[in-house]
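Enquirer: sharing a sequence plus its predicted fold:
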Amino acid sequence: MHEIITLQLGQASNYVATHFWNTQESYFTYDNDPSEPAVDPNVHWRAGIGADGAETFLPRTVIYDLKGGFGSLRKINALYEPVEGNDAASAMTWSAKPVVQKLPAIPQGVYQQSLDAGEAAPELTSSHVRYWSDFSRVFYHPKSLNQLYDYELNSSIRPFEDWHLGQELFKSLDREEDMVDRDFRPFIEEADQMQAIQLFTCLDDAWGGFAADYVDRLRDEYPKATIWVWGIQTPRLPRRQLHNLARSVASICEQATMLVPLSVPAAKDLPPNIRFDSQSPWHTSALLSTAVETAGFSSRATSKGGRETLGNVAARLNTGGKQSLSRLQMSVSQAWSPEDDQSASPPIPGSDSTLDVDLFQFPRSNKTRAPRPSMRKCFGQSWALRATSGVQSSSGDQDDEDAERSSHQYKDPRTHRLLEKAPFPLLDSFPAIYMDSKGAALSQSAGVITRLTTDTGVSDAVKELRSVVSASIAIEEREDLGNELAELADAYRDGWSSGSDDDDD
């Protein structure tokens, strides 16, 4: 079934992943719907049996967060609460009344209360969302939820910020009880034919160190597995977080199949049809999740012309064998259907086009400028176009020969293009951050285009990161980290020269 097992590390990652799972849940079709689903649900969802014997269908994911990070989400949810009279504990002979000590429970938000009551959900606002669980629409298996009590969320006394703290925490927990064996292996053993491991993590805090060691362990356990990492970073980083980012990039790229950094651009760099509260993680994670969900759509698509595993996408991007860092761009518009005026819709972009939201935002010094997109040499790319002009007649029901022509329309064999009729769904759990041409919020769906690339601009960004960090990092670490970043940057330069004089440092 080509399953994908997901790992979610930390608060920022769980915000993005919650939007992702809400979107996956929206693709389910039921007996009275004759249409073919847009995605294969078995890729990301696992069948099981609840406490009452009913069948369940829950995400294939392992979630970690700090103490207090799960909000009102309980480890044992309504699907797995023991049925009265069928509790194994009732058969025990212990007659004394147990004494249970509990911290005060975090109250549910209004959105979760309405879901539990089966009522119409109220309109969510940023003030309603305190934790990622406040806007979650799905149940998780108890095995998916892992709270780490060594650190507390948003602690000012002992913050979980330094990269090495994450490394130390993983090593400590892994020594006590093999984390991969305890938390991850059960999901692997359920899979018939695992396609990939998908990991969400923050790159610029302690979770980056935690993720680096986790990826290293996964690579030891599953040496041939595709490990795809979505790495979230904070814009305008202070120096300490720059060091964290550099360490994460160097360490994760060494073991992962592909790392895709995700950072929300500054407001001045966004198109006018995207408006959001940059201080709300609910808003910013929604933007990132739109790109993630669309860029990875081919890994679960049901259309003949669009299906491509994450391993195949990575191989298309990594043309030289060491290009494990890629750029993700996105454009969002109104969703288009056959009834719309196709002449007024955005044209399908050419193979060398750039999109208006660039999520690859490595920091630069004040003395340098990013190279123009036209100056970048592209090595490999993967496009996904959803509900845009031209898609309606070019996807979904193609035969194999048409699908092959569509996938390689750009002549360059390192280019793949997914054409998908299904738009990106805008759910009641999703903030109103996308506007139409008149400035009104899109309410039901959106057309989305994403472009994943490996290009020479990645080399420039890594070199600049190395330069910025080397001036302030501890001398005992400077040489090793500098060499690792330099080697990564060189992988995007070998065998090609732009002809300009300013490409070499």
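Expert: Perfect, I can see it now.

Enquirer: lowest-scoring secondary structure element of the protein by mean pLDDT?
Expert: In the chain, no helix or strand scores lower on mean pLDDT, DSSP states H and E than helix 400-407, which sits at a mean of 38.

Enquirer: burial check on Asn273, number of neighbours?
Expert: By the criterion of other C-beta atoms under 10 Å, Asn273 has 18 neighbours. C-beta coordinates here come from the backbone N, C-alpha and C atoms, glycine included.

Enquirer: quick revisit: right, and the helix or strand after the least confident helix or strand of the chain?
Expert: Once the chain leaves helix 400-407, the next helix or strand it forms, by DSSP states H and E, is strand 415-420.

Enquirer: tell me the mean pLDDT over that following strand?
Expert: Across strand 415-420, pLDDT averages out at 85.

Enquirer: quick thing: my sequence starts at 313, can you match it?
Expert: Yes, from this point I'll number from 313; that puts the last item at strand 727-732.

Enquirer: so which elements touch that strand?
Expert: If you count contacts as 3 or more C-beta pairs under 8 Å, 6 or more residues apart in numbering; DSSP states H and E, strand 727-732 packs onto helix 622-629, strand 690-698, helix 712-719.

Enquirer: name the residues of stretch 332-342 that come out as buried.
Expert: Phe332, Trp333, Asn334, Thr335, Gln336, Glu337, Tyr339 (16 or more other C-beta atoms under 10 Å).

Enquirer: return that stretch as CSV; C-alpha atoms alone will do.
Expert: Extracted C-alpha coordinates of stretch 332-342, given in CSV (Å, rounded to 0.1, in the frame of the first residue of the first chain):
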residue,chain,number,x,y,z
PHE,A,332,-2.1,18.4,7.5
TRP,A,333,-4.1,15.7,9.3
ASN,A,334,-7.3,17.8,9.2
THR,A,335,-6.8,18.1,5.4
GLN,A,336,-6.3,14.4,5.0
GLU,A,337,-9.4,13.6,7.0
SER,A,338,-11.4,15.8,4.6
TYR,A,339,-10.6,13.6,1.7
PHE,A,340,-12.6,10.6,3.1
THR,A,341,-15.5,9.6,0.9
TYR,A,342,-18.5,7.5,2.0
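
Enquirer: how far does that stretch sit from the chain's center?
Expert: Taking C-alpha atoms, centre = their mean, to the nearest Å, one finds stretch 332-342 lying 16 Å from the centre of the chain it belongs to.

Enquirer: average pLDDT across that stretch?
Expert: On average, stretch 332-342 scores 93.

Enquirer: contacting residues around it?
Expert: Stretch 332-342 is contacted from outside by 347-351, 353, 356-357, 371, 373, 447-450, 601, 604-605, 734, 736-737, 739, 741-742, using C-beta atoms under 8 Å, 6 or more residues apart in numbering.

Enquirer: can you tell me which of those residues end up in strands?
Expert: Counting by DSSP state E, the contacts of stretch 332-342 place Trp357, Pro371, Thr373, Phe736, Pro737 in strands.

Enquirer: nearest to Gly794, of those residues?
Expert: Thr373 (35.7 Å; C-beta to C-beta).

Enquirer: quick check: the two most widely separated of the ones in strands among the contacts of stretch 332-342?
Expert: Thr373 and Phe736 (20.5 Å).

Enquirer: show me which residues of stretch 588-608 are buried.
Expert: In stretch 588-608, counting by 16+ other C-beta under 10 Å, buried: 588, 592-608.

Enquirer: write the ChimeraX selection for whichever of the contacts of stretch 332-342 are buried.
Expert: Restricted to buried positions by 16+ other C-beta under 10 Å, the ChimeraX selection for those reads:
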select :350,351,353,356,357,371,373,447,448,449,601,604,605,734,736,737,739,741,742
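
Enquirer: distance of the nearest residue to Leu777 once chain neighbours are set aside relative to Lys775?
Expert: Spatial nearest neighbour of Leu777, excluding adjacent residues (C-beta to C-beta, 6 or more residues apart in numbering): Phe674 at 5.2 Å. Per C-beta to C-beta, to the nearest Å, Phe674 is found 10 Å from Lys775.

Enquirer: among the contacts of stretch 332-342, which are in helices?
Expert: If you go by DSSP state H, the contacts of stretch 332-342 have Ser601, Val604, Glu605 in helices.

Enquirer: pretty sure the first one sits against His331.
Expert: Yes: contact status for Ser601 versus His331: in contact at 3.5 Å, counting by C-beta atoms under 8 Å.

Enquirer: state the distance from Val532 to Asp446.
Expert: Actually, residue 532 is Asp rather than Val. Computed with C-beta to C-beta, the distance linking Asp532 and Asp446 is 37 Å.

Enquirer: alright, I will stop here.
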